[in-house]
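Participant: Sharing a sequence plus its predicted fold:
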Amino acid sequence: MKTRAIISLAGSVLLLGGALAGGVQGVAFAGSHKQGGDARKAAAEAGKARALLARGKGDDAVKHAERAALAAPESAEFRMLLGQSYLKAGRFTSARDAFGDTLALDAGNGKAALNLALAQIATGDWDAARKTLAAHADTIPVSDRGLAIALAGDPAAAVDLLASASRADAANIKTRQNLALSLALAGRWTEARAVVGLDLAAADADKRIVEWGAFARPKAASDQVASLLGVTAVVDKGRPAALALNVAAPVAVASAAPVEAAPAPAAPAPVEVAAAPAPTTAAPDAAPSLNTGVPAVQFAARQEIVQPLAAKPEAVPAPKAVAKAAPVEAAPRALAAGKFYVQLGAFDNASVAQDAWKRAARQFPRFAGQTPQGATVKAGAGSFYRLSLGGYARGDAVKLCLSYRAAGGRCFVRTGAGDQLAGWVKPGAELASR
């Protein structure tokens, strides 16, 4: 796919100039001659890496960017350059770590935050990507952030964000096209085609929708990000251990004066453990975490019970065996009703979708209590059958999708778009899904 020419997000991701064009002028070093030599070496290696990136040679750029980062390990600029080189080489795991280091050194770097989120998406960590985008919402342009949210599995939220931005006076073609792609990822193809047509001729708009039809059905977590950046994802074991960021703590210098023996430490005061607060219910729009805590079991204070001796020995009946009650598992919480759907895939026809549903239900027992839905959709690439579950509140839909992804499945959340009871489900035999 030639998606990079279509989605202008790539212009913000691969910074081949701009902020990096100034070399190391903003990097401060201490005054020793050795450190000055390191600065000159880092600048030279960074210059070579940028030149290679400009020529599209990501693998070669990585070698020089790594040397620059080794020579100046606490330079956010060179960490950023290293991450960009890894991205260009299709090494998303290494890029994720490099951009994380950049933010550790420069927390306000919105471009590093956007790149980090994209690398997290490419490595399949949608939850972490959404958290990164939310934490840096003030420093990432809304047009880029909206599309990244869609790629991170929440196209419905992306549509809400970009639709509002598209109505602003400062809206441009980039914002509208990212809105159109988010609509497509949400399964709203008719609206996507209408938005695309605002800036393109009819023939070009139809061609773009055809390209997006393939883009919306990735086979691997890295496919969409790789397509946006125009790179090929490779197997990546991570960056060299020597490049890990390790900001040294200040070193205390011992005094030459005699050191008096420290007094014996006082006995520690007893530590009181506060009772765990009652869990609060997450807001529907918040993306739920899959890491749910298990409350500790609390016991009543121990008390000794002393019984008076009987005046005469009494026969004590043998205790009757009491069967232990089998543990009762709490039933899963019913999903709140709403307008959001978990799309499980798009297939050639309803028969193929039915087979896919059977496999999904076997793989993920939680689906056993849900009713499959579907819809035949016609797009530029032809017609296909969309398989989904819904409608739920957004928070429940996102949580269900995340749980399914954790079990190895693929899905995303969108708003309703003509979803109806799947054709193979007999009327009146629907399962209670809420």
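Facilitator: Nice, I can see it.
Participant: in the chain, what spans have low per-residue confidence?
Facilitator: Counting by pLDDT under 70, the chain contains low-confidence ranges at 1-37, 247-333, 379-382, 427-434.
Participant: That one - how does it break down into domains?
Facilitator: Per the record, the chain has its domains at 3-8+11-15+29-243, 337-421, by automatic domain parsing.
Participant: Residue 45 contacts residue 75, doesn't it?
Facilitator: No - the pair residue 45 / residue 75 is not scored as a contact, 11.3 Å apart, by Cβ atoms under 8 Å. Yep, even glycine has a C-beta here, placed from its N, CA and C like the rest.
Participant: more crowded one of the two?
Facilitator: Set residue 45 next to residue 75 and count neighbours by other Cβ atoms under 10 Å: residue 75 wins out with 25 against 22.
Participant: Regarding this protein, what is its longest helix?
Facilitator: Using DSSP state H to assign secondary structure, the helix with the most residues in the chain is helix 33-54.
Participant: what angle do the next helix or strand after it and helix 33-54 make?
Facilitator: Downstream of helix 33-54, the next assigned helix or strand under DSSP states H and E is helix 58-71. Put simply, helix 58-71 runs at 160 degrees to helix 33-54, going by axes from the mean of the first three to the mean of the last three Cα atoms, to 10 degrees.
Participant: that older thread, quick check: which helices or strands does the longest helix of the chain pack against?
Facilitator: helix 58-71, helix 76-88 (3 or more Cβ pairs under 8 Å, 6 or more residues apart in numbering; DSSP states H and E).
Participant: Using a markdown table, please lay out the ones you listed together with mean neighbour count and distance to residue 130.
Facilitator: Below are the helices and strands packed on helix 33-54 laid out as a markdown table (neighbours: other Cβ atoms under 10 Å; distance: least, Cβ to Cβ, whole Å):
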| stretch | mean neighbour count | distance to residue 130 |
| --- | --- | --- |
| helix 58-71 | 22 | 27 |
| helix 76-88 | 27 | 20 |
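Participant: Reformat the ones you listed as JSON lines; add distance to residue 359.
Facilitator: Output for these, formatted as JSON lines (distance: least, Cβ to Cβ, whole Å):
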{"stretch": "helix 58-71", "distance to residue 359": "37"}
{"stretch": "helix 76-88", "distance to residue 359": "34"}
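Participant: Could you name the stretch from those that's closest to residue 136?
Facilitator: Nearest to residue 136 among the helices and strands packed on helix 33-54 is helix 76-88; the distance by Cβ to Cβ comes to 14.2 Å.
Participant: my guess is residue 176 contacts residue 192, does it?
Facilitator: No - in this structure residue 176 lies outside contact range of residue 192 using Cβ under 8 Å: 10.8 Å.
Participant: Compare these two (neighbour count), which wins?
Facilitator: Neighbour count, other Cβ under 10 Å: between residue 176 and residue 192, residue 192 has more, with 26 against 19.
Participant: Can you classify residue 388 as helix, strand or coil?
Facilitator: strand (DSSP: H, G, I helix; E, B strand; the rest coil).
Participant: where do the contact lists of residue 45 and residue 75 overlap?
Facilitator: Between them, residue 45 and residue 75 share these contacting residues under Cβ atoms under 8 Å, 6 or more residues apart in numbering: residue 68.
Participant: hmm, back to that, ok and the longest helix of the chain relative to helix 76-88, angle-wise?
Facilitator: Going by the same axes, to 10 degrees, helix 33-54 makes 30 degrees with helix 76-88.
Participant: Great, nothing more from me.
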